[in-house]
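K.L.:
give the three-dimensional model of this entry:
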Amino acid sequence: MTVKAQLARFALVGVVNTGTYYGCYLALLTRLPYIAAHVAAFALSMTGSFLLNCWFTYRTRPTWRKFLLFPLTNAANFVITTGGVYLLVDLAGFSSRYAPLAAAAAAVPITFVVSRTIMLRPDEPPKSALPVR
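P.N.:
Numbering: from 1, shown residues only. Next up, the predicted model:
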């Protein structure tokens, strides 16, 4: 599959994941402050994103190793979206209901590159041509 096709599939998974995240965020916003609702919704949607990216975007087998590394793919996304939500709500006066959508758009290119690197990385390190002593 080409990188272009992967990017298109990644974007589609992102739309589904954003919808899942945003639904959770709105539900949690009724009981939690906006930052806590954001963090909890982000954590919940990450598992679904991992599985969809494995099966649909990259056509790779989900493994525990990839699952444990997957949060690293979201670290940049988390920093950008959390900082973006804060900046948009507290500094720019945006509604806490819509700020996460704008912040998420800024994180897409970085998240794709990091995600692709981790998901397509071989599970086993390549064996050296030289024997280990």
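
K.L.:
low-confidence stretches in this structure?
P.N.:
Counting by pLDDT under 70, the ranges of the chain that qualify are 123-133.

K.L.:
could you pull up the residues touching the residue positioned nearest the centre of it?
P.N.:
Centroid-nearest residue in the chain, with C-alpha atoms, centre = their mean: residue 74, separated by 4.3 Å. Residue 74 makes contact with 42, 46, 49, 111, according to C-beta atoms under 8 Å, 6 or more residues apart in numbering. All C-beta spots, glycine's among them, are computed from the backbone N, C-alpha and C.

K.L.:
secondary structure element for the first one, which one?
P.N.:
Under DSSP states H and E, the secondary-structure element containing residue 42 is helix 34-52.

K.L.:
got a list of contacts for that helix?
P.N.:
Outside helix 34-52, the residues within contact range by C-beta under 8 Å, 6+ apart are 13, 16-17, 20-22, 24-25, 28-29, 31-32, 62, 66-67, 70-71, 74, 78, 81-82, 85-86, 89, 96, 100.

K.L.:
could you rerun that using 6 Å?
P.N.:
13, 17, 20-21, 24-25, 28-29, 67, 70, 74, 85, 96 (C-beta atoms under 6 Å, 6 or more residues apart in numbering).
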